[in-house]
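fold the stuff below for me.
(3 chains)
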Amino acid sequence: MPPPLAANPGHAILSSLNDAQRRAVSSDAQTVAILAGPGSGKTHTLTSRVVWLIDYVGIRPEDVIVATFTVKAAREMKERIGKALGNGREKKIVLGNFHSIARRYLAAYGRHIGLNQKFGIADDSDSRAIIARICKRRKVELDPGTVRAWISKKKAKGNEPEDVPKTARQQATKTAGQQDLDECYEEYQAQLEKSNLLDFDDLLVKCVELLREFPSCVSNIQTVLIDEYQDTNGIQYELMKLFAQKNRSITIVGDPDQSIYGWRSAEIKNLWRLLKDFPGTAEISLEQNYRSFQSILNNSLLVIQQDKKRYRKALKPVHGKGSRPVLRRLKSASAEADWIVSEMRRVIVMSGSMLNFNDVAILLRSASLSRHIESALGKSGIAYKMVGGKKFYERVEIKTLIDYLRVINQPGNNDALARIMNVPKRGIGEVTIKGLLEEAEGSTFSVWTILTKHCRGDRNAKTKITKHAEQRIAAGLIRPLENIRKKIGESVGPTGTPFGLVEMIEQLLTALDFEKHLKTSYPDDYEQRWANVQEFMNLAADFVRDTDQSDDDFLPEIEELEQVKEDEMLPRFLANVSLASDAQTAEDEGEAKPLVTISTIHAAKGLEWPIVFVPAVYNGSIPHMRAEDSDEERRLLYVAMTRAQTLLYLSCPVFNSNGNGERNELSPFIEPVHRAFANKGPCFDRPIMSEIAKILGRQLQSEDAIFKAMPDMFMIEDNLFPVDPEDTRGASTSEITHGTNQPPRAKRQKLSGPGGGHDTGEEVPWRKEYTTTMEQSSAFTVSALPGFTSASAHQAALAKASVELETNKKAQAVKRMAHNRPADQKSILGFVRSTSGSGSAALTSSQSSNHNLIPAKLSQIVTNSNKPVKPAIAPELAAHKLPAGNQLSRPSIKKEEEPVKRKAYTCFSSSPTKPAPKEEEPEPEEEKEPPEPTRAAACLHSTTFLTPVQMNGGIKRPTGLGRAGIVPVAPIEKLRKPMTTTTTKMKPFKPPTMIRRP
DNA sequence: GTAAGTGGATCCCTG
DNA sequence: ATCCACTTAC
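Numbers count the residues shown, from 1 in each chain, chains lettered A, B, ... in the order given. Here you go, the predicted structure:
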């Protein structure tokens, strides 16, 4: 029996948690739903709960399932649980992402539902190719991609949700293509079955089937925990229920606001399904944000709150206010990239290297947006890593090897065989390969069988194959692979070393003369590719070593049900490769050089950085042109913004880069609230830097030291690029100083199209487009130094303060909305009930389904359930006050967070020290604030002040920066060149990230 | 008619 | 990097 909570009040696990987290971790409710906003310690809470359940409730590790959404999250979770649990007990937990857990069960028990035990996994390219072929053969007018998406959706949906009545329009389009789609689906499944393959969705579908029919597979499971619950889809929900069918004990963690995988059939609705299916679920909200400055949270909320249907959650800042997030407008995408580079440099220098490139992330809506940024970073010699880009396993040379292994493992895998048939070149071409595939699909034989028969002379293939090609296929493909197949399991050589995975790959490489193939096919970078092959061998060796000694992959024995142990290395290795989005990062060994991170927003979920740039915030990028669900796009932006700890920059190129002067509209998510952003980077005075140091728990150098380390001619302000790129007079170079003669523009040009914003009537409070000579000169003498302020800036600050007072009242009202949950929305259940009827729209953002049943049923459930539903916010928490000094430290995660005393850093001038944020009342909203007292442009003659970062055109540069002062624009191909010169032992490719150095 | 090489437009997010 | 339309060599 679990000891009562009171018996362990001071237990180590609980001591590192705040009140809400503690309640979540130690809850004895059967089902627990934890709603966790960004930066609220979600993973920490979930891992603590696992430890709690095992150590204090007494559940055996092997009886716990923990499912995450990504491989990476699973790995991290395992590591953290391992640390807390000790004894390597975390290895016994059935822990992984949904797909790998499903695969494990299918490998062990799939036989019982008639699954061929040696099933392979059809990856992306497989299923794409199969579907493309089917479409072509049937002459279906549909785009193969669409068909594939349709099939995937159909599988991912699961059975449970009632069929949504289609709108008339949908019905019409459906019926037109319905027949085709259904037939393609059927044929696709038949093809997969014939090749003994399961695609990613099938893994889940089949596992559901298995657990339905043989519940005893999971009869040992006592409790189930799900991470990133908002991203589960219908079939995963079913799987979760089946995992937990014995005890119905489930803990989920999620945040509806961060649901960004709807396009992959994730359903926010699953949260309400859970509440419906598991009455008496305890809800706990984690609302304190330990990650970000208040101003970042404020602006993020301004974005997410535009979604009126959303379940409103609070986001309580723990840290100080910080500087205003920036919305920067640039002329073009390349100017944007150059600005990002210059701004990150400025931050780093101004911080006295307290911050470095490792602290910077650039988050993109689309991976393809990285082009300009990569080249700008390359030009400046800044190293970066790209996540979510090309994966190790997707490099061609690796993919080819894997395909060879797959054909060895499963000769019937036609697609893999088709891809390798002419690699290395064997004089066989597209047409022949296509013909063979067609022939195979029309017969009972696989391509491999047809080929062997043909070469042996047993039976001629219908497809024409030249004699030359035939010979080379026989000698270079069929024979070597058959030799290898024969050797599996044998011992080789006098020493009797077993013929394992590594030996197999070695022999394959020799038989194919793979090195020579690489040399001839890729003369430019063959070394790199060959090194990748070596690395692949290392990975294989690691895999063999790791799997030999750990019982990682096995499920606990169930008495009544026979389970198959996977003893063969090859199929397990291949499954691992297919399911791993990135390789087991065996990295480290000196992460010496700081790297800027470039990532897609999707891949950045769950991560955080001190400095975050979100470029390309325009309509068409975010929301994406092809996006169906604009609410989801908004959440995506919200996720991106909430990754930032201390500095957040959005930016938007005004003109379309590829086009002929086409304009970009500012993202509709930002347009209505753009006034809450500063129009250029903040000035990094002492108070701001101290605040940053505090939030990050770092030590800030003295002002003197920072100043001394500053490069000559350093641009202290964000002034290299015009704040209004459309102001042709104010081009970034020499015209700035002439601009003073122009009358100030009454109103900034709007970025949005007709009806986009509602500027009318709103007075823009004194916004200057450029500065006077007076200010400039003062800026560049005194106020340009950190901690010094010019008189004019001081006055601006005072003016700002008085405006703040005026707007306080109104702002506070807004603020309350922002930070406190509305009274009518105490809990999720309350939300569901209060939005009854029309509330069904709130449940499902995209599809409107008939979920009217929920409110009534739920209210019944609430009264009937034995466990009273707790209010989401404990009363004492609702009136929560931050401790004086604002030094609530993040529980346990941050180590020695040394509180930085504001007093310790006195400013040298009369510059008013930033008042400490008021603790009782949240700071007033910034929406109506005048711009921060921006310091004057720090240059009179901009040409002489350009830093090396400025790249526009062939601008004269300070001496010592390259011949003729003009940096040749490096073509992107050049950036890709491997660095083979310096390193002795080349580490060619470090999964999961790609590191490129100029 | 097939294989192989070339130049040009295009590219979202993931297991 | 991947997918084409197009040319050239066998």
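
remind me, longest strand of chain A?
strand A:644-653 (DSSP state E).

mind giving me the packing neighbours of the following helix or strand past that strand?
Downstream of strand A:644-653, the first helix or strand assigned by DSSP states H and E is helix A:686-696. With contacts defined as 3 or more C-beta pairs under 8 Å, 6 or more residues apart in numbering; DSSP states H and E, helix A:686-696 has these neighbours: strand A:644-653. C-beta coordinates here come from the backbone N, C-alpha and C atoms, glycine included.

what about A:Lys309, which SS state?
Secondary structure assignment for A:Lys309 (DSSP: H, G, I helix; E, B strand; the rest coil): coil.

so how far is A:Pro256 from it?
11 Å (C-beta to C-beta, to the nearest Å).

again, but for A:Lys155
According to C-beta to C-beta, A:Lys155 and A:Pro256 sit 24 Å apart.

mind listing what's buried in the longest strand of chain A?
Within strand A:644-653, the residues that qualify as buried by neighbour count (16 or more other C-beta atoms under 10 Å) are A:Ala644, A:Gln645, A:Thr646, A:Leu647, A:Leu648, A:Tyr649, A:Leu650, A:Ser651, A:Cys652, A:Pro653.

spit out the contact partners of A:Gln563.
The neighbours of A:Gln563, taking C-beta atoms under 8 Å, 6 or more residues apart in numbering as the test, are A:Ala108, A:Tyr109, A:Leu555, A:Glu557.

so the second one is in which element?
Using DSSP H and E, A:Tyr109 maps to helix A:98-109.

that helix near DNA strand B anywhere?
Yes: contact between helix A:98-109 and DNA strand B is present through A:Phe98, A:His99, A:Ser100 (criterion: C-beta under 7 Å from any atom of the strand).

that older thread, more neighbours, A:Lys309 and A:Pro256?
A:Pro256 (20 against 14; other C-beta atoms under 10 Å).

ok, that one to DNA strand C distance?
Using C-beta to the nearest atom of the strand, to the nearest Å, one gets 35 Å for the distance from A:Pro256 to DNA strand C.

go on, A:Leu636?
Taking C-beta to the nearest atom of the strand as the measure, A:Leu636 falls 24 Å from DNA strand C.

find the nearest non-adjacent residue to that residue, please.
Excluding the flanking residues, the one nearest A:Leu636 by C-beta to C-beta, 6 or more residues apart in numbering is A:Ile260, at 4.9 Å.

okay, now the one you found: neighbour count?
Other residues near A:Ile260 number 23, with proximity taken as other C-beta under 10 Å.

thought it was touching A:His602?
Yes: the criterion here is C-beta atoms under 8 Å, and A:Ile260 meets it with A:His602 at 6.2 Å.

overlap in contacts, these two.
Between them, A:Ile260 and A:His602 have A:Leu636 as joint contacts when contacts are counted by C-beta under 8 Å, 6+ apart.

please name the bridge partners of A:Glu286.
For residue A:286 the amino acid is Leu, not Glu. A:Ala36 (DSSP bridges).

so which of the residues of helix A:98-109 next to DNA strand B wins on neighbours?
Busiest of the residues of helix A:98-109 next to DNA strand B [other C-beta under 10 Å] is A:Phe98, holding 25 neighbours.

hang on, that residue packs against A:Thr70?
No: applying C-beta under 8 Å as the test, A:Phe98 and A:Thr70 come out as separate, 9.9 Å apart.

just to revisit the earlier point, next up, phi/psi of the residue nearest to A:Leu636, please.
Dihedral pair for A:Ile260: phi -130, psi 20, per degrees, to the nearest 10.

list the contacts of it.
The neighbours of A:Ile260, taking C-beta under 8 Å, 6+ apart as the test, are A:Asp231, A:Ile601, A:His602, A:Lys605, A:Glu632, A:Arg635, A:Leu636, A:Val639.

and the gap between the first one and A:Glu283?
From A:Asp231 over to A:Glu283 the distance is 19 Å, taken as C-beta to C-beta.

tell me where the stretch 51-200 of chain A has strands.
A:64-68, A:94-97, A:120-122, A:197-199 (DSSP state E, counting those that start in this stretch).

returning to that earlier point: for the buried residues of strand A:644-653, work out which two are farthest apart.
Farthest apart among the buried residues of strand A:644-653 by C-beta to C-beta are A:Gln645 and A:Pro653. That separation is 25.7 Å.

what about A:Glu632, neighbour count?
Neighbourhood size, A:Glu632 [other C-beta under 10 Å]: 21.

which element is it on?
Assigned by DSSP H and E, A:Glu632 belongs to helix A:630-641.

would you mind listing where the stretch 101-250 of chain A has pLDDT under the threshold?
When residues are selected by pLDDT under 70, those of the stretch 101-250 of chain A lie in A:159-177.

meant to ask about the stretch 551-700 of chain A, not that
By pLDDT under 70, the weakly predicted segments of the stretch 551-700 of chain A are A:551-554, A:580-592, A:657-661.

residues in it within reach of DNA strand B, list them.
Counting by C-beta under 7 Å from any atom of the strand, the residues of the stretch 551-700 of chain A near DNA strand B are A:Leu579, A:Ser581, A:Thr600, A:His602, A:Ala603, A:His624, A:Arg626, A:Ala627.

beta partners of the third one?
Read it as A:Thr600. Partner residues in beta bridges with A:Thr600, using DSSP bridges, are A:Leu364.

that one: what's it in contact with?
By C-beta under 8 Å, 6+ apart, the contact set of A:Thr600 is A:Leu363, A:Leu364, A:Arg365, A:Ser366, A:Ala367, A:Val387, A:Gly388.

relative to DNA strand C, how far out is it?
In this view, A:Thr600 and DNA strand C are 16 Å apart by C-beta to the nearest atom of the strand.

same check, this time on the last one
According to C-beta to the nearest atom of the strand, A:Ala627 stands 22 Å off from DNA strand C.

how about the fifth one?
As judged by C-beta to the nearest atom of the strand, A:Ala603 and DNA strand C stand 18 Å apart.

how near is the nearest residue to A:Glu633 once chain neighbours are set aside to A:Arg365?
Once its chain neighbours are removed from consideration, A:Glu633 has its nearest residue in A:Pro623; the separation is 3.6 Å (C-beta to C-beta, 6+ apart). Distance of A:Pro623 to A:Arg365, computed by C-beta to C-beta: 9 Å.

who's more crowded, these two?
A:Arg365 (25 against 22).

which ones are touching the more buried one?
A:Thr600, A:Ile601, A:Ala616, A:Ser621, A:Ile622, A:His624, A:Leu636.

just give me the neighbour total for the residue nearest to the third one when sequence neighbours are not counted.
In space, not counting the residues next to it along the chain, A:Ala616 is nearest to A:Leu369; the distance is 5.2 Å by C-beta to C-beta, 6+ apart. In terms of burial, A:Leu369 registers 20 neighbours under the definition other C-beta under 10 Å.

same check on A:Pro594?
Residues near A:Pro594, counting by other C-beta under 10 Å, number 16.

residue of the stretch 401-550 of chain A nearest DNA strand C, please.
Nearest residue of the stretch 401-550 of chain A to DNA strand C (C-beta to the nearest atom of the strand) works out as A:Asp525 at 8.4 Å.

same check on the stretch 301-450 of chain A?
Checking the stretch 301-450 of chain A residue by residue against DNA strand C with C-beta to the nearest atom of the strand singles out A:Val396 as nearest, at 5.5 Å.
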